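[1] got a structure for you, letters missing:
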């Protein structure tokens, strides 16, 4: 038993998922930038014939960012953080190593096939759950493999108490399992007839209003358990590690965790305000959305207070800057969401560009910033080299921050303009604008948003280049690293 | 208790699962008895319309168009009577959408015609100046999958008791017997269109995607 010597952790699977995080991040953001540009300049719809229209590309953007970039980031950080907080190396179990490798390769091949299937138009229409049933089955297997990895590693752990990050990883695994299974329940038409028609086609187990309820219970909570819970897991590990500060309050983490678990799931019906879903459910969705501010801000404040007395690090260490800004954007979007979930505000905001605006200040500002800083922290420890350039990290930070601000401000204005114009009436009570008036007026904002996309993508390319250099050619490190990530 | 849970991963996971299951059980399940009832005398969509719905999904029209008219005067003035739950009872999946880059389509069958759709899908900006909608020219050449649409009707009849007739049976023979009805319906649409290639295809017994899509859009009332 290694008593004093530090454990040699095995990062081979974490490295593989790091590569796909960067690859799918680039692809997802590239497609996002293209479709943003298409809304400002519709001629761009015709670059790829049938396969290049906004409508065909949009699910590729969302799914590549969700299931490609973010999920890769979750797996990459899990295969790094898991070993370290459980004080056990993956190399100690041949079984878990094999599961990890199979997990990665099945994921990678599956993700490529899934993307092509969307390009060809195979879709079951549910947002963020477009993949058809054969692909769903592969996704379930991938997810189970990850579950085996998580609970297997926990099973052979040396550190008995589960660190906060692990709570969130476990919740991510369980939450997504439940949501994904129930929302994708479908009957394949080929198998339930004598082989008529397409193998890929299926019909949803739920219809109409019920289908909508299940879908947005899923859709909203996929954000919870994909874009919030595992990202909180990351910040609870990487911020204390990078700053050398202990978490500010254990009690606050308890309150935030269990609060988030209980409250989040109720809020899904705020996507269905003023729809044909029963009133009481809509009201529940609204009320719980507002309550959700508490556990969300609980985590964020816990993070910010962890930096108490150490704010000088913000000027010295760009990774701290990324993580502090990520927490701040988390606070912003978890305040903005509940505001949009108030019924009278929602009457204006729903169906408008304010909604993608809200999604993107959360994803670009919180999810992507956090995952990138996690990878920056991990790289020198996995590849035994310094981060190639601190200057590039700084440049990237400011370009991307500017991009996020341009994105959400332009979409706020666009959304509220649209919402107000749809309902505007003249002195006789007639509608003042035809629908197309409310489209053409948005051109400047769509242009700004496309520019924001280009900037953010440029920042991500700088990140990818910096990571590539840090893996291959920057200065080697020999000593065991403590806290602050070394940068040239 | 929390300290104990943090040392016992199994019970920890069980606790998390119980806590996250609550909302779904209380908020979603009760609706299943209530909201799945169709309006009185409502008919499910024809096979051609189902095929059109699948084109709608394939080209992902719902990424820009909603099918949900909210109960506001500004919406009922613009789009027609607000949507009722029962109207969606046969929709698998629901297609409400979440974004109105373009207008709502829930009652578009009331105020747009076959030839309007034909020109509009070919070149939206020529019909609506300033439109940012892409053209969907490929729908004029790609063929709609009417066999899959038939299989879908059979499955929803058998599994969910959707009221399709006795002739809907999931065999190759039954489909061969039913297919002429679909083609006859497609011909009615094609007769109201100008595009020669589409007319020729339908005369040959093929159904271009645009024909099925228009049949579906016309059924949205």
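    Good, I have the coordinates. This is a predicted model, so every value here is computed, not measured.
[2] hey, where'd the strands end up in chain A?
    Remark: strands assigned in chain A by DSSP state E are A:186-188, A:202-204.
[3] what pairs with the last one, parallel or antiparallel?
    Right, the one you point to is strand A:202-204. Partners of strand A:202-204 in the sheet, by DSSP bridges, are strand A:186-188 (antiparallel).
[4] mind checking the pLDDT average for the partner strand?
    For strand A:186-188, mean pLDDT rounds to 96.
[5] adding mean neighbour count and distance to residue B:150, write the strands of chain A out as JSON lines.
    Backbone N, C-alpha and C define where each C-beta goes, glycine included. What follows is the strands of chain A, written out as JSON lines (neighbours: other CB atoms under 10 Å in any protein chain shown; distance: least, CB to CB, whole Å):
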{"stretch": "strand A:186-188", "mean neighbour count": "19", "distance to residue B:150": "15"}
{"stretch": "strand A:202-204", "mean neighbour count": "24", "distance to residue B:150": "13"}
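[6] please name whichever of those is nearest to residue A:54.
    Minimum separation from residue A:54 across these (CB to CB) falls at strand A:202-204, 24.5 Å.
[7] give me the residues contacting that closest one.
    A:124, A:126, A:132-133, A:185-189, A:211, B:92-93, B:152, B:155-156, B:159 (CB atoms under 8 Å, 6 or more residues apart in numbering or on different chains).
[8] closest to residue A:278 among those residues?
    residue A:211 (14.9 Å).
[9] the closest one: neighbour count?
    24 (other CB atoms under 10 Å in any protein chain shown).
[10] and the one 5 residues further on, by the same measure?
    A count of nearby residues for residue A:216, using other CB under 10 Å, gives 25.
[11] do residue A:170 as well
    22.
[12] so it is in contact with residue B:16, correct?
    Yes - between residue A:170 and residue B:16 there is a contact at 6.3 Å, judged by CB atoms under 8 Å.
[13] how is chain B divided into domains?
    Structural domains assigned to chain B are B:2-34, B:47-219, following automatic domain parsing.
[14] output those as a markdown table; include the columns mean pLDDT, mean neighbour count and distance to chain A.
    Compiled in a markdown table, the domains of chain B are given as follows (pLDDT from 0 to 100; neighbours: other CB atoms under 10 Å in any protein chain shown; distance: least, CB to the nearest CB, whole Å):
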| stretch | mean pLDDT | mean neighbour count | distance to chain A |
| --- | --- | --- | --- |
| domain B:2-34 | 87 | 15 | 3 |
| domain B:47-219 | 97 | 19 | 3 |
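[15] looking at the ones you listed, which is nearest to residue A:337?
    domain B:47-219 (14.2 Å).
[16] which residue ranges form the helices in chain B?
    B:2-7, B:9-27, B:31-34, B:47-58, B:73-79, B:114-122, B:124-127, B:146-160, B:172-191, B:196-203, B:209-219 (DSSP state H).
[17] can you report how many residues neighbour residue A:156?
    Neighbours of residue A:156 under the rule other CB under 10 Å: 14.
[18] so what pLDDT did it get?
    In this prediction residue A:156 is given a pLDDT of 95.
[19] isn't residue A:263 up against residue A:288?
    Yes - applying CB under 8 Å, one finds residue A:263 in contact with residue A:288, separated by 5.5 Å.
[20] ok so, going back, got JSON lines for the domains of chain B, with distance to residue A:337 too?
    Converted to JSON lines, the domains of chain B look like this (distance: least, CB to CB, whole Å):
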{"stretch": "domain B:2-34", "distance to residue A:337": "16"}
{"stretch": "domain B:47-219", "distance to residue A:337": "14"}
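[21] and these: which comes nearest residue A:419?
    For the domains of chain B, the distance to residue A:419 is smallest for domain B:47-219, at 9.8 Å, taking CB to CB.
[22] how long is that closest one end to end?
    Counting by CA to CA, to the nearest Å, you get 12 Å between the two ends of domain B:47-219.
[23] off-centre distance for it?
    Its chain's C-alpha centre and that of domain B:47-219 lie 7 Å apart, by CA atoms, centre = their mean, to the nearest Å.
[24] separation between residue A:353 and residue A:309?
    Look at residue A:353 and residue A:309: by CB to CB, to the nearest Å, they are 41 Å apart.
[25] out of these two, which sits in the busier spot?
    When neighbours are counted by other CB under 10 Å, residue A:353 and residue A:309 differ, and residue A:353 comes out ahead with 26 against 7.
[26] the more buried one and chain B: what is the separation?
    From residue A:353 across to chain B, the span is 8 Å (CB to the nearest CB, to the nearest Å).
[27] tell me the contacts of that residue?
    So residue A:353 contacts A:411, A:414, A:415, A:418, A:442, A:445, B:99 (CB under 8 Å, 6+ apart).
[28] cool, residue A:99 as well?
    Applying CB under 8 Å, 6+ apart, the residues near residue A:99 are A:145, A:148, A:149, A:152.
[29] need the pLDDT of the closest residue to residue A:486 other than its chain neighbours.
    Nearest residue to residue A:486, sequence neighbours excluded (CB to CB, 6 or more residues apart in numbering or on different chains): residue A:386, at 4.6 Å. For residue A:386, the pLDDT comes out at 96.
[30] and residue A:386, how close does it get to chain B?
    36 Å.
[31] surely that residue is in contact with residue A:380?
    Yes - under the criterion of CB under 8 Å, residue A:386 makes contact with residue A:380 at 5.8 Å.
[32] now the common contact residues for the two.
    Counting by CB under 8 Å, 6+ apart, the residues touching both residue A:386 and residue A:380 are A:470, A:477, A:486.
[33] list just the nearest of those residues to residue B:53.
    Nearest to residue B:53 among the shared contacts of residue A:386 and residue A:380: residue A:470, at 49.8 Å, using CB to CB.
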